[in-house]
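Chemist: Compute the structure for the input listed below.
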Amino acid sequence: MISIKQINYAIAVAETLHFKKAAEKCFVSPSTLSNAITEMESQLGIKLFERNNKKVIITSLGAVIIEKAQNIKNEVDNINKLSELNSEPLSNSISLGIIPTIGPFLLPVLLPKIKDDFPNLKLNIVEAQTDVLLRKISSGEIEMAIMALPFETSGFNVNKFWKENFFWITKKDDPRAKKNSIKAKDLDLSELIMLEEGNCLKDHILNACKIKNTSKITFNASTLSTSIELVKGGIGTTLVPEMAVNKLITSNPELTKIKLDEKGPHREIALISRQNYAGARDLEKLIQLFSFELNKNKKIKN
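Modeler: Below you'll find the model as predicted:
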């Protein structure tokens, strides 16, 4: 009968496609891991991996086994999580993912309160793009993640806790800066600085502004901070989410913010987890804290 240890080793090899890296991830020697995988393949009568000195390939049947092994690992993790529920809420460790267009603006508001209310919680923060975080949740690498919607989250547990709109950022000497709000149709797409492809904020902005033809958009930045620097340099204008406005604008007095006059909310913030995640009590506590802190904290509201 195969063991949980063998399952963990096989999953590590599937994730890294490298026996040495998988061994390092599992804190064992390469020979220990290799022998365990060989024994597992012998027990199953199935070749999970094709390997030579250059690369590791998951066999077609191996991919099916790995998927089922991942489900088993997740259930074992849930059992371990359930055993922790007799302790105080949020008194163990949680791996929390967060996307880059939320982390720098939300974490300074939330972390002090989390530390005060749950001093025994060990919080591991993982910053990555939405699709990466969803894969990490599915694999059990992290328990939950803070993300922006709309995004395809079928198969996941979604708990919304914040809504916000977008603001147009331009220089104060821009003739349009005297407006209280601006319609999407009045934006000059040729000067609009957007985030790079693959960033969900770009998709949310295009959706809020109902922009279908992006051929006129030529400026792309990797971060919101870079977008702001380009606006300061007179390169163009940009749109940022409500929670980022004050932090990005306060230290840049030459810039101004103007509300995007399009039906909102332009995006929603949610805590995402696996549907069968055992730590429902911890989820509920965090959602309550997030919602309360965001509603009372003036630094994130406009």
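Chemist: mind showing which ranges of the stretch 151-300 of the chain have poor pLDDT?
Modeler: Where the stretch 151-300 of the chain drops to pLDDT under 70, the residues are 298-300.
Chemist: Now do the helices in it.
Modeler: 200-208, 224-232, 242-250, 280-296 (DSSP state H, counting those that start in this stretch).
Chemist: Which of those helices sits closest to L121?
Modeler: helix 280-296 (8.8 Å; CB to CB). No exception for glycine: its C-beta is placed from N, CA and C like everyone else's.
Chemist: Which positions in stretch 15-30 come out as buried?
Modeler: Within stretch 15-30, the residues that count as buried by 16 or more other CB atoms under 10 Å are E15, T16, H18, F19, A22, A23, K25, C26, V28.
Chemist: helix or strand for the last one, which one?
Modeler: Using DSSP states H and E, no element contains V28; it sits outside every helix and strand.
Chemist: show me what contacts it?
Modeler: Y9 (CB atoms under 8 Å, 6 or more residues apart in numbering).
Chemist: let's go with 10 Å and repeat that
Modeler: Neighbour list for V28: K5, N8, Y9, A12, A22, S34, N35, A36 [criterion: CB atoms under 10 Å, 6 or more residues apart in numbering].
Chemist: before we move on, what about the first one?
Modeler: Counting by CB under 10 Å, 6+ apart, E15 makes contact with K21, A22, K25, I66, Q70, R135, S139, E141.
Chemist: From K136, how far off is the closest residue to the last one other than its chain neighbours?
Modeler: Which is E141. Excluding the flanking residues, the one nearest E141 by CB to CB, 6 or more residues apart in numbering is S95, at 7.1 Å. As judged by CB to CB, to the nearest Å, S95 and K136 stand 8 Å apart.
Chemist: Check S227 too.
Modeler: 26 Å.
Chemist: neighbour count winner among the two?
Modeler: S227 (26 against 17; other CB atoms under 10 Å).
Chemist: Could you verify my assumption that that one touches N220?
Modeler: Yes. Contact criterion CB atoms under 10 Å: S227 and N220 qualify, at 9.2 Å.
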